[in-house]
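1. could you work out the structure for the sequence below:
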Amino acid sequence: MTQSNPSRADFLRRSAAGSAAALASLDVARSAHAYSGGPLKVALIGCGGRGAGAATNLLTVADKDVKLVAMADVFEDHLQGTLKRLTGGAKKRYDAPAHSGFAKQIDVPPERQFVGLDAYQKAIACADMVILTTPPGFRPSHYAAAVAAGKHVFMEKPCCVDAPGFRLLLATNKLADEKGLKVGVGLQRRHQAGYLAGIKEIHDGKLGDVVFTRVYWDGSPVWFRPREAGETEMHYQMRNWYHFVWLSGDNICEQHVHNLDVGNWVKGDHPVEANGMGYCVERYLGLDPKKGMGQIFDYHFVEFTYQDGSKMYSQCRQIPNTYTNISEAVHGTKGVGAASSRAPELKYRDPYEQEHYDLLAAIRSNDKYNEGWYGATSSFTAVLGRMATYSGKSVKWDDAVAHGPSEFPEKLAWDAKPRALPDANGYYPIPQPGTYKPF
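-> You can find the predicted model right below:
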């Protein structure tokens, strides 16, 4: 093991503790304790669609002592649009119009509306808890800043997009534990009744010893925003963050991490090796002018190997007019089954709401609560898979952790150059299996 890689025993212990805490919430009568610290002030950092959704989820389950007091984003229109939606604007995906109690829970005057690349620092200073919903490439540094400042955290998945980010997550998780801070992660299946019950049944031996799992997120492409006149390359990439590795980690990280997390949850472990294949077909090789405007793959297939020799077979794809499948299956010595099962509902049917309820309950009761450990490990499982598909080589976990390169720009400024730049025709360099070096 590398110094930065947690021991397998530590991972198993933390995974089991997290599952036990989540399973306890199957008791629908569970009540939140009084928050001993008084009103809980919350800052939202990252005001896109998921930021609006996460804030809505929190405020839906929160009591009157929880208030949104600050917001931050690099784009003014994102901040103002989300503030409008939270205070009663139009309903969008993940969003909901404000209910009657929201007006008293939102207090974000102009002086606590922060815009710019350093806006997150100013918002952190205003709050007791932060919601981190910026593009994932910023997650490790924002999480580190919040924990260093002594704040509780809810951070969306994935939690990192490269090895340096993973190593920073581990150090920050350790500091959060030392400070007694509570950390939630947006892998909401961990707060969904069916998954909690189904994986408990698997851990109790329903399918015998797990031989392999199959995990899928096969669907269609995501949004794309055309280039604006006069904008810098950094501005363009940040507006199209999903299409650049340093910001999204590729779709295997940003989207498929949910299913990879289920596979790791089933095993109570992380893979030790990965090999796979993938490439760009739809996005980059067609004639549509929207194609060729990013650098991520259309599809990935990865074979992950765990320490005990068992496998996780992983598929993710974003190509239109193809087979759609978002699921997980578990193959054991006694049979085959899904990772989820029928179960009594939790307090909140919506797992996006339940995850916030559980975090708030831990803050109020001061129970130990740090989902950052499995958030980091499942996120890096996706990074490991991407290293394997980009290179076409078998990549070991320990080597990837120790030697994986940074994807982040050397300098973060609106006029700075990201690592991947377009050619004269607007096409970005695509990793070539067989020549791409994972580290």
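
2. going by C-alpha atoms from here, please, whenever you check contacts or count neighbours.
-> Noted.

3. so H300 lies in a strand, does it not?
-> Yes - assessed by DSSP: H, G, I helix; E, B strand; the rest coil, H300 belongs to a strand.

4. does it really touch Y390, like I thought?
-> No - between H300 and Y390 there is no contact under Cα atoms under 8 Å: 9.0 Å.

5. hey, what's in contact with both of these two?
-> M277, G278, Y279 (Cα atoms under 8 Å, 6 or more residues apart in numbering).

6. possible to save those as a markdown table with distance to S340 and secondary structure?
-> Shown next, in a markdown table, are these (distance: Cα to Cα, whole Å; DSSP: H, G, I helix; E, B strand; the rest coil):
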| residue | distance to S340 | secondary structure |
| --- | --- | --- |
| M277 | 28 | strand |
| G278 | 28 | strand |
| Y279 | 31 | strand |
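
7. need phi/psi at M155.
-> For M155, the backbone dihedrals are phi -120, psi 140 (criterion: degrees, to the nearest 10).

8. and it, what are its bridge partners?
-> Assessed by DSSP bridges, M155 has beta-bridge partners L132, V185.

9. ok, and what's touching stretch 413-427?
-> By Cα under 8 Å, 6+ apart, stretch 413-427 touches 117, 232-235, 284, 292-295, 407-411, 428-429.

10. buried subset of these?
-> E233, M234, H235, Y284, G292, M293, G294, Q295, E407, F408, Y428 (16 or more other Cα atoms under 10 Å).

11. ok, now how distant is the closest residue to the third one other than its chain neighbours from L168?
-> In this case it means H235. Spatially, and ignoring its direct neighbours in sequence, H235 is nearest to W414 (6.2 Å; Cα to Cα, 6 or more residues apart in numbering). Using Cα to Cα, to the nearest Å, W414 is found at 24 Å from L168.

12. ok, these two, which is more surrounded?
-> Neighbour count, other Cα atoms under 10 Å: between W414 and L168, L168 has more, with 19 against 16.

13. from the contact counts, what lies against the helix or strand where that one lies?
-> If you go by DSSP states H and E, L168 is part of helix 163-179. When contacts are defined as 3 or more Cα pairs under 8 Å, 6 or more residues apart in numbering; DSSP states H and E, helix 163-179 sits against helix 139-148, helix 372-391, helix 397-403.

14. all helices for the stretch 101-250 of the chain, in order.
-> Taking DSSP state H, counting those that start in this stretch as the criterion, the stretch 101-250 of the chain contains helices spanning 102-105, 119-124, 139-148, 163-179, 193-203, 233-239, 245-248.

15. related to what we said a few turns ago, residues making contact with the helix holding L168?
-> Contacts for helix 163-179 (Cα under 8 Å, 6+ apart): 4-6, 140-141, 143-144, 147-148, 150, 159-160, 182-183, 368, 370, 372-373, 376-377, 380, 383, 400-406.
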